[in-house]
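Student: Dropping a prediction and its sequence here:
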Amino acid sequence: MKIEQAMWLHERHELALEELCELSGLSETELRELVDYGVLAPIDPDAPHWSFRADRLLVARSARRLRRDLDLDPHAVALAVALLERVRDLEMELRDLRAKLPRRQQ
Amino acid sequence: MKYKDYYGVMGVDRKASAEDIKNAYRKLARKYHPDVSKEPGAEEKFKEVGEAYETLKDPEKRAAYDRLGSHQPGQDFRPPPGWEKQFGGGQFSFDDLDLGDLFSQFSGGRRRAGPGGGKIRVPGEDYEVTAHISLEDAYRGTEVDLELEVPEYDEQGFTHRVRRAFKARIPKGATDGQRLRLPGKGGKGLNGGRDGDLYLNIALHPHRLFRASGHDLFLDLPLAPWEAVLGASVQVPTLGGPVRLKIPPGTSAGRHLRIAGRGLPKPHGGEGDLFAMVQIAVPTAASERERALFKELAEASTFNPRGHFGEEAAK
């Protein structure tokens, strides 16, 4: 059986605006709206061609799903995505703190 | 073909108004949307709800669905004669078709935008799968067996679900919650649309000894009271094999001793660290001689571990 190579969606990889649109299913207008609302930030906002950290693809995909499935307007998508990001950050912090808690209490 | 009870899935009456159906969908979508919900099986449930809503929200599709009559969910049934005409094709077998796939191609008698017919490029569907791997697998890199049910199209343009199995290589450097993308391994694109991708979500199994925080690992390190006071050299397990760790004299419980580079490897080089968290363990059943020695120590020592309580504790 052929073994498929998986690619990291890592902050060290970059995606061009067009790639992010294609992979997330968002139109360029929708993606620029998310940037305007502060949900997504290009690596260099002043660059003539925007590029994004590859892990931003997850945020863009989530935005597209929320918009399509819950019929949300762009403001509501931006709010929902920002809150979900916050939940994710807090969950990660919680997991990290749990890792630091001793398991065996004397 | 197996019957699906779309009204039952949405929790509405067969006579429900379009508004009732929309409200029911919104309520269920908020509850089960995979981006929002933490309920087990939410993704599956949301797919069912989405499929039911896609058919019931469209008056033509809903009318066609209603003409199928009412059956038990999962029951094999045959649509009434001529029913398939509204799918734009000629005769076809219903045997291995999925009702949801069929309705997604419903045209109400118009020509379908199947692979031969339509010109619109439709990208293939993306899929997300969670790969549960051990910490040892994350350390070394591993291969996982994946099985997906993806839609494929026949010559008439009808969708059939096929099971596709393959192996994916997870390079070393994975940690909990990290995502990987397998380009083109999702659903097939239509009319030259690109194939969908498969997203792998890495979840680490809990380990007997180590807890992961990003690429750093944490390990409880129990020390005997005398090892903590006098210092010691102890053997500590790591994912790459045991190492000797020097315990400085006067090591308190709760101290983190860092063992550099003994955590998980990072995807772009370098490694996380391993932190040994000191605990002071005491013998539960001390021998006569041990008790005597501790007693002697208690009498000889002026150490007050609660000195910082100050006056208040003395009252």
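Tutor: Right, received. Where do you want to start? Numbering: from 1, shown residues only, chains lettered A, B, ... in the order given.
Student: need the strands for the stretch 51-200 of chain B, in chain order.
Tutor: Applying DSSP state E, counting those that start in this stretch to the stretch 51-200 of chain B gives strands spanning B:127-133, B:142-153, B:159-170, B:179-182, B:198-204.
Student: Contact partners for A:L40?
Tutor: Counting by Cβ atoms under 8 Å, 6 or more residues apart in numbering or on different chains, A:L40 touches A:31, A:34, A:52, A:56, A:59-60. Every residue, glycine included, has its C-beta placed from N, CA and C.
Student: Serialize these to CSV and add fields for pLDDT and distance to B:A286.
Tutor: Below are these laid out as CSV (pLDDT from 0 to 100; distance: Cβ to Cβ, whole Å):
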residue, pLDDT, distance to B:A286
A:L31, 93, 68
A:L34, 90, 64
A:F52, 95, 62
A:R56, 91, 58
A:V59, 92, 57
A:A60, 94, 62
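Student: what's the closest of those to chain B?
Tutor: A:V59 (10.3 Å; Cβ to the nearest Cβ).
Student: related to what we said a few turns ago, quick one: closest of the strands of the stretch 51-200 of chain B to chain A.
Tutor: Closest of these to chain A is strand B:179-182, at 3.8 Å (criterion: Cβ to the nearest Cβ).
Student: Adjacent strands (with direction) for the closest one?
Tutor: Strand B:179-182 pairs in its sheet with strand A:7-8 (antiparallel), strand B:198-204 (antiparallel), by DSSP bridges.
Student: Can you name the residues in contact with the helix or strand just after the shortest one?
Tutor: Once strand A:7-8 ends, the next helix or strand along the chain (criterion: DSSP states H and E) is strand A:14-16. Contacts made with strand A:14-16 from outside it, assessed by Cβ under 8 Å, 6+ apart, are listed as A:23, A:43, A:49-54, A:56-57.
Student: Just the buried residues of strand A:14-16, please?
Tutor: A:L15 (16 or more other Cβ atoms under 10 Å in any protein chain shown).
Student: which of the strands paired with strand B:179-182 sits most buried?
Tutor: By mean neighbour count, with neighbours taken as mean count of other Cβ atoms under 10 Å in any protein chain shown, strand B:198-204 ranks first of the strands paired with strand B:179-182 at a mean of 20.
Student: how about it as CSV, C-alpha atoms only?
Tutor: C-alpha atoms of strand B:198-204 as CSV (Å, rounded to 0.1, in the frame of the first residue of the first chain):
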residue,chain,number,x,y,z
LEU,B,198,-7.9,15.2,4.4
TYR,B,199,-7.0,17.0,7.7
LEU,B,200,-5.5,14.9,10.4
ASN,B,201,-5.9,16.1,14.0
ILE,B,202,-3.3,14.6,16.3
ALA,B,203,-4.4,13.4,19.7
LEU,B,204,-1.9,11.8,22.1
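Student: And for that strand, what's in contact with it?
Tutor: By Cβ under 8 Å, 6+ apart, the list of residues contacting strand B:198-204 from outside reads A:6, A:9, B:126-135, B:138, B:144, B:146, B:148, B:168, B:170, B:174-182, B:185-186, B:212.
Student: do that again at 7 Å, thanks
Tutor: With contact meaning Cβ atoms under 7 Å, 6 or more residues apart in numbering or on different chains, strand B:198-204 is reached by A:6, B:126-133, B:135, B:138, B:168, B:174-182, B:185-186, B:212.
Student: Now do the end-to-end distance for stretch B:135-150.
Tutor: Separation of the first and last residues of stretch B:135-150 by Cα to Cα, to the nearest Å is 30 Å.
Student: And for stretch B:256-271?
Tutor: Stretch B:256-271 has an end-to-end distance of 18 Å (Cα to Cα).
Student: and the residue nearest the centre of chain B, what does it touch?
Tutor: By Cα atoms, centre = their mean, chain B has its centre lying nearest to B:T130, at 3.8 Å. Shown in contact with B:T130 (Cβ under 7 Å, 6+ apart): B:201, B:203.
Student: With the one 5 residues further on instead?
Tutor: Counting by Cβ under 7 Å, 6+ apart, B:L135 touches B:204, B:207, B:210, B:212, B:239.
Student: which SSE is the second one in?
Tutor: Pointing back at B:H207 there. Counting by DSSP H and E, no helix or strand carries B:H207.
Student: mind listing what it touches?
Tutor: B:H207 sits next to B:L135 when contact means Cβ under 7 Å, 6+ apart.
Student: how far away is it from chain A?
Tutor: Using Cβ to the nearest Cβ, to the nearest Å, we find B:H207 at a distance of 10 Å from chain A.
Student: still on that earlier bit, weed out the non-buried ones from the contacts of strand A:14-16.
Tutor: By neighbour count, with 16+ other Cβ under 10 Å, those hold A:23, A:50-54, A:56-57 as buried.
Student: quick check, nearest of the residues you listed to B:R194?
Tutor: For these, the residue nearest B:R194 by Cβ to Cβ is A:L23; the value is 9.2 Å.
Student: Not counting residues beside it along the chain, what's closest to residue 71?
Tutor: As the question left the chain open, I've gone with chain A. Spatial nearest neighbour of A:D71, excluding adjacent residues (Cβ to Cβ, 6 or more residues apart in numbering or on different chains): B:R26 at 7.7 Å.
Student: You answered for a different chain; I wanted chain B.
Tutor: Using Cβ to Cβ, 6+ apart and skipping residues adjacent in sequence, the residue nearest B:H71 is B:Y3, 3.9 Å away.
Student: I'd like to know how far that neighbour sits from chain A.
Tutor: If you go by Cβ to the nearest Cβ, the gap between B:Y3 and chain A works out to 25 Å.
Student: Check whether that residue really touches B:P73, as I assumed.
Tutor: Yes: contact criterion Cβ atoms under 7 Å: B:Y3 and B:P73 qualify, at 6.2 Å.
Student: between the two, who's got more neighbours?
Tutor: Comparing B:Y3 with B:P73 by other Cβ atoms under 10 Å in any protein chain shown, the one with more neighbours is B:Y3, at 16 against 11.
Student: which residues touch the more buried one?
Tutor: By Cβ under 7 Å, 6+ apart, the residues touching B:Y3 are B:71-75, B:77.
Student: ok, the residue positioned nearest the centre of chain A to A:D89 distance?
Tutor: With distances taken as Cα atoms, centre = their mean, chain A has A:V59 as the residue nearest its mean C-alpha position (2.3 Å). For A:V59, the distance to A:D89 equals 12 Å [Cβ to Cβ, to the nearest Å].
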